[in-house]
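# Structure for the following, please:
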Amino acid sequence: MKKRILYIGNNLSNPTFTATYISFFSEVLKQEGYWVKTASGKDNKALRLMEMLSLIWTNRKQTDVVLIDTYGAQNFYYAYSIGKLCQQLKLPYIPILHGGNLKERLDKSPNLTKSLFGNARINVAPSHFLFDIFVDHGFSNSRIIPNSITLENYPFKERKTFKPNFLWVRRFQERYNPLMAIKVLEQVYKKHPEAKMCMVGPEKDGSLANCKEYAKQKNLPIEFPGKMKKKDWAALSLDYDFFINSTDVDNTPISVIEAMALGLPVISTDVGGMPYLIGNGKDGILVPQNDVSAMVAAIEDLLQNPEKCELIAKAAYEKVRKFDWEIVKEEWISVLNE
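Next up is the predicted model:
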């Protein structure tokens, strides 16, 4: 009999939030025949936590394992509260680690993190980046299972020519440094007046408004379509030739994996888990954090070397094939059946 799973995370439909991993992962688990219930979709934080705790309490006798999406910022306290309840009810739980700032949480809250992660059945990290950090902090009960996508939903486009058309997909939040991407376009645009950019994602902390104002002041060709469904921005990607990831904090973002699957050469800052995901010069390009000049130089080099772009795009696709759910699911099935 397949395990009965409660999956705790932020499954919000609010337009200020991007789709989180729970929306994808819970559905593919159901398709594999698992009994899965999720929480929570509440916008109000207090109501969200109450619904999460209530789901566990009301289903405590018919649940085999609890999955907990775990982040390092304020949402960490959701995971901690859920973990404590699971401990009291003797329910095994598995934190699924997200976010490049979990190291800061481990350092800042050693007692809370030891209680949550030390008592977990296993801590699942999506890459060596977080796995190594957790092992270094003494959490030997950790394992790597990469974030996954359904590869067939992201058709690879083979590009022979590459124009200065850039796609950026992320929530507009200061930590993801969207203004850097705009400043990169500003410099590229001076030499390539045909350049353009599309920045997909919802507002979070005023960053979108600031970006729109800056783009307007500089008269830059940037579109801001807001939040889009994955299938819609995947279709939109056909009109673009490069993917920019300008973040200051990162782990192994799904949006970058999706871009690699779609055949878009990725130019990213080298923060957090990005060097674990991208081999610089092989299947993407990495530049220092917030270094506009370095990213512009990297883009100019790629524009002058389309054969290099083509090789990078093909190598990236080969790398992300191992992120396909049909492959990753075997590792999850093994963990869930332990």
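
# can you give me the helices for the stretch 151-300 of the chain?
Here the stretch 151-300 of the chain has its helices, by DSSP state H, counting those that start in this stretch, at 178-191, 207-218, 230-236, 254-261, 274-277, 292-304.

# Give me whichever of those is most buried.
A comparison of the helices of the stretch 151-300 of the chain by mean neighbour count, using mean count of other Cβ atoms under 10 Å, puts helix 254-261 on top with a mean of 25. For the C-beta atoms, the positions are set from N, CA and C on the backbone; glycine is no exception.

# quick one on the thing from earlier: right, and the helices of the stretch 151-300 of the chain - which one's nearest Glu331?
Closest of these to Glu331 is helix 254-261, at 16.0 Å (criterion: Cβ to Cβ).

# any residues touching that closest one, and which ones?
For helix 254-261, the external contacting residues (Cβ atoms under 8 Å, 6 or more residues apart in numbering) are 21, 147, 149, 151, 154, 156, 167, 169-170, 230, 234, 237, 243, 245, 266, 268, 274, 277-278, 283-284, 316-317, 319-320, 323.

# average pLDDT for that helix?
Helix 254-261 shows a mean pLDDT of 96.

# roughly how far is that helix from the heart of the chain?
9 Å (Cα atoms, centre = their mean, to the nearest Å).

# For Glu27, which of the helices of the stretch 151-300 of the chain is the nearest?
helix 230-236 (12.2 Å).

# Output the contacting helices and strands for that closest one.
strand 165-169, strand 196-200 (3 or more Cβ pairs under 8 Å, 6 or more residues apart in numbering; DSSP states H and E).

# I'd like these as TSV, with distance to Pro126 appended.
Compiled in TSV, the helices and strands packed on helix 230-236 are given as follows (distance: least, Cβ to Cβ, whole Å):
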stretch	distance to Pro126
strand 165-169	18
strand 196-200	22
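
# would a markdown table of the ones you listed with distance to Asn75, mean neighbour count and mean pLDDT be doable?
Converted to a markdown table, the helices and strands packed on helix 230-236 look like this (distance: least, Cβ to Cβ, whole Å; neighbours: other Cβ atoms under 10 Å; pLDDT from 0 to 100):
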| stretch | distance to Asn75 | mean neighbour count | mean pLDDT |
| --- | --- | --- | --- |
| strand 165-169 | 21 | 23 | 98 |
| strand 196-200 | 23 | 22 | 98 |
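
# With Asp107 as the reference, name the closest of the ones you listed.
strand 165-169 (29.9 Å).

# Taking their axis directions, the closest one and helix 178-191 sit at what angle?
Relative orientation of strand 165-169 and helix 178-191, computed by axes from the mean of the first three to the mean of the last three Cα atoms, to 10 degrees: 180 degrees.

# Which elements pack onto strand 165-169?
helix 178-191, strand 196-200, helix 230-236, strand 242-245, helix 254-261.

# just to revisit the earlier point, report the buried members of the contacts of helix 254-261.
Neighbour-count burial (16 or more other Cβ atoms under 10 Å) applied to the contacts of helix 254-261 gives 21, 147, 149, 151, 154, 156, 167, 169-170, 230, 234, 237, 243, 245, 266, 268, 274, 277-278, 283-284, 316-317, 319-320, 323.
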